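> need coordinates for the following:
(chains A and B)
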Amino acid sequence: MGTFRTFDHTADVGLEIRGESLADLLETAAQAVFSLMLDEGPTAPEVHEEVRVEPVPTGGGFEDIFVAWLQELLFRFEMEHLVPLEFDFAEAGPARVRARVGFGRFDPKRHRAGTEVKAVTYHELAVRRSPDGAWSARFILDV
Amino acid sequence: MTESRSYQGPLEPAGECRWRIPKSYKRGMRVDGIIYADDRLIQEIRKDNAAEQVANVACLPGIQRASLAMPDIHWGYGFPIGGVAATDPEEGGVVSPGGVGYDINCGVRLLRSDLARDEVEPKVKTLVDQIFRDVPCGVGIGGAIKFSPPDMRRVMTEGAGFIVERGYGWPEDLDHTEAGGALDGADPDAVSKRAVERGNDQVGTLGAGNHFLEVQVVDEIYDAKAAEAFGVAAGTVALLIHSGSRGFGHQICDDYLKIMRGAARKYGFELPDPQLCCAPVKSDEGRRYLGAMRAAANYAWANRQLLMHLVRGAVAKVFGSTARDLGLGLVYDVAHNIAKIETHAVGGRQKTLCVHRKGATRAFPAGHPEVPADYRDVGQPVLIPGDMGRYSFLLVGEPAAMEETFGSVCHGAGRRMSRHEAARGVRGEEVRDRLAAHGILARSRSWKGLAEEHSDAYKDVADVVAVVERAGLARRVCRMRPLGVIKG
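Below you'll find the predicted structure:
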């Protein structure tokens, strides 16, 4: 399991993620984003669904898949209140990610919301693999 | 954990409350940057990278006059928040989704009333609770009305007018809404399926974050003639609604940022920041973005119209009357995240320009044909919300805004602290109690959200407004103090 920390950006929130692999990076990033969005959320998965992401390439390399992955999860939250809790990656590459994700369901009556995330921005976005094989990402959320 | 990067570049005094970043500062700048600020605010502005972003925007193809920034400017992504940039399509001028922002047509709407402060104060808790119940707000809360696919198309093309036709409002509301509550040229076919899915059940929802609804009292009048024209009187209660195009607009911005990243390369633009990605207004990508953006702008006007309808209902319920009898008329609704095709004089010539207002408010002066007929002798109302513990302002546009800023002014107080900094060491419950001690009742779905929005996190909006008044861009009409605050 990777690590994350937030950094300040005047009106928004920045996140810095570290992971041992691209899959680990994606999982950690998802958990980081949802930890900001929810002060208290579901803890046990209720539904398991395959999440498949194939971004339209914009020339950003790993940035494209990284943003598309988080956007997909935010979309599922907005539409169905699904909160990703468990991840099992079948494939994680620059062109495609496939994962079986265990989702809990956010219930506004029982849980407590944190910061609403409007979007994952491309501003100063960087996804990198270091020579020792570890992965890192730095990005800003529009909140 | 703060990682601030202060601006080290030039800022030359350029007249009353004006600072220039000369175009010689940076390779690629096509025009100067101009920041409106006083001596104190400019020191705040230097603390982050917003001024650098003003210089970056000056690199956009076809930009006219200057890259402009208002005194509430702060660091955005690509464009600064509080920025104005106009491009000329005839000179290869571009449109940039980053120059509008994620929350397309985020804006503010002010309702007046005949209710006196004394009538409302004893009932403020009942009123705030009623509004909190009736207006869907907060993370993951959907709207009361779902629109069928044909109705969604009408929301996209007809905006607030469609909502009024459905019975949620009064026909005259549209006369007091910027652009009559709908921009021509919206193109539902340029909107993704995903945006429609996200937007479908969010019409009439406030949202979260910095969006809010306030019960206010008009506590100071600066311009009696304008105040009378706008129907606001000292000691009466007003209601302010701040919201935008919700997930619908966010998705359109996301979709087109991807398209524009490709387009910027295709057209060979060298841009200092990928979030400035753009396409010529007169290109397929530019036209499609503008078509989708207008659909989102219209969606936002429909959203604020429906929110206002819910608020009117809540107030009427609490006071056992009708919205008409309580005089709950719309003073004005104005966008502060938008790109519009407008006519402006540049270098003595009338030009049709694409004006980006990213965290900036349109402020047309008296006599402009787009000012509502009943306000035309006075000018367009400009709504400037402050932080929830202090006050908000109603201004009116002045001629210098047309001459310098494409008829634009500031849009709010502007953050001085990041959200984390704001929420550090203060809990939402404490913020609520502090507000209560000042006679302001706050309701929020999220304590953390409330903590992030406390007063000290923002500049004093009075300082911001003083700058635009000293610079001659707009003048103050009145000030409103909050009695009750509803946040998502």
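
> thinking B:Tyr458 is in contact with B:Gly386, fair?
Yes: in this structure, B:Tyr458 sits in contact with B:Gly386. The criterion is CB atoms under 8 Å, and the distance is 7.1 Å. Where you see a C-beta, it was placed from the backbone N, CA and C, and this is true even at glycine.

> what do those two both touch?
Taking CB atoms under 8 Å, 6 or more residues apart in numbering or on different chains as the criterion, B:Tyr458 and B:Gly386 both touch B:412-413.

> what bridges to A:Phe4?
A:Phe4 forms beta bridges with A:Ile17, as assigned by DSSP bridges.

> what about it, distance to chain B?
12 Å (CB to the nearest CB, to the nearest Å).

> from the structure, what's the count of residues near that residue?
A:Phe4 is flanked by 18 other residues according to other CB atoms under 10 Å in any protein chain shown.

> thought it was touching A:Arg18?
Yes: using CB under 8 Å, A:Phe4 and A:Arg18 qualify as a contacting pair, with a distance of 7.2 Å.

> next, show the common contact partners of the two.
Overlap between the contact sets of A:Phe4 and A:Arg18, as judged by CB under 8 Å, 6+ apart, is given by A:Thr28.

> can you map out the helices along the stretch 351-488 of chain B?
Assigned helices in the stretch 351-488 of chain B, in chain order: B:399-404, B:419-423, B:428-437, B:447-452, B:461-470 (criterion: DSSP state H, counting those that start in this stretch).

> ok, residues contacting stretch A:73-86?
Stretch A:73-86 has contacts (CB under 8 Å, 6+ apart) with A:30-31, A:33-34, A:37-38, A:41-45, A:47-49, A:51, A:101-107, A:117, A:119-120, B:140, B:194, B:197-198, B:247.

> just the buried subset of those, please.
When the contacts of stretch A:73-86 are checked for burial by 16 or more other CB atoms under 10 Å in any protein chain shown, the buried set is A:30-31, A:33-34, A:37-38, A:41-42, A:45, A:51, A:101-106, A:117, A:119-120, B:140, B:194, B:197-198, B:247.

> so which of the residues you listed belong to strands?
Helix and strand membership here follows DSSP state E; of these, those in strands are A:38, A:51, A:101-105, A:119-120.

> closest one of these to B:Ala442?
Closest approach between those and B:Ala442, by CB to CB: A:Leu38, at 21.1 Å.

> close to chain A: what parts of the stretch 301-450 of chain B are there?
Contact residues of the stretch 301-450 of chain B with respect to chain A, defined by CB under 8 Å from any CB of the partner chain, are listed as B:415, B:418-421, B:445-449.

> pretty sure B:Phe132 sits in a helix.
Yes: using DSSP: H, G, I helix; E, B strand; the rest coil, the secondary structure at B:Phe132 is a helix.

> neighbours of it, how many?
B:Phe132 has 19 neighbours, counted by other CB under 10 Å.

> and the residue of chain A closest to chain B?
Chain A approaches chain B most closely through A:His123 (3.1 Å), counting by CB to the nearest CB.

> measure that residue to A:Glu63 for me?
Here the criterion is CB to CB, to the nearest Å. By it, A:His123 lies 11 Å from A:Glu63.

> which one of these two is surrounded by more residues?
Neighbour count, other CB under 10 Å: between A:His123 and A:Glu63, A:His123 has more, with 24 against 21.

> residue of chain B nearest chain A, please.
Across chain B, no residue is closer to chain A than B:Tyr77, which sits at 3.1 Å (CB to the nearest CB).

> show the subsequent helix or strand relative to the helix or strand that contains B:Ala296.
Using DSSP states H and E, the secondary-structure element containing B:Ala296 is helix B:284-318. Downstream of helix B:284-318, the next assigned helix or strand under DSSP H and E is strand B:330-335.

> what's that next one in contact with?
When contacts are taken as CB under 8 Å, 6+ apart, the neighbours of strand B:330-335 outside the stretch itself are B:105-112, B:160, B:170, B:172-173, B:176-179, B:181, B:230-232, B:238, B:297, B:300-301, B:304-305, B:308, B:357, B:361-362, B:372, B:375, B:380-383, B:394.

> recalculate using a threshold of 6 Å.
Here strand B:330-335 makes contact (CB atoms under 6 Å, 6 or more residues apart in numbering or on different chains) with B:105, B:107, B:109-112, B:173, B:176-178, B:230, B:304, B:361, B:381, B:383.

> also stretch A:119-128?
Stretch A:119-128 has contacts (CB under 6 Å, 6+ apart) with A:62-63, A:66-67, A:70, A:136-140, A:142, B:77, B:102, B:250, B:254, B:274-275.

> can you flag the buried ones in those?
By the neighbour-count criterion of 16+ other CB under 10 Å, these include these buried positions: A:62-63, A:66-67, A:70, A:136-137, A:139-140, A:142, B:77, B:102, B:250, B:254, B:274-275.

> restricting to C-alpha, output the longest helix along chain A in CSV.
When chain A is scanned for its longest helix (criterion: DSSP state H), the result is helix A:62-80. What follows is helix A:62-80, C-alpha atoms only, in CSV (Å, rounded to 0.1, in the frame of the first residue of the first chain):
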residue,chain,number,x,y,z
PHE,A,62,0.7,8.0,-17.7
GLU,A,63,-1.0,11.3,-16.8
ASP,A,64,-3.9,10.4,-19.1
ILE,A,65,-4.6,7.1,-17.4
PHE,A,66,-4.2,8.5,-14.0
VAL,A,67,-6.7,11.3,-14.5
ALA,A,68,-9.2,9.0,-16.4
TRP,A,69,-9.1,6.5,-13.5
LEU,A,70,-9.9,9.0,-10.9
GLN,A,71,-12.5,10.7,-13.1
GLU,A,72,-14.2,7.3,-13.5
LEU,A,73,-14.4,6.7,-9.8
LEU,A,74,-15.7,10.3,-9.1
PHE,A,75,-18.3,9.7,-11.8
ARG,A,76,-19.5,6.5,-10.1
PHE,A,77,-19.7,8.3,-6.8
GLU,A,78,-21.7,11.2,-8.2
MET,A,79,-24.1,8.9,-10.1
GLU,A,80,-24.5,6.0,-7.6
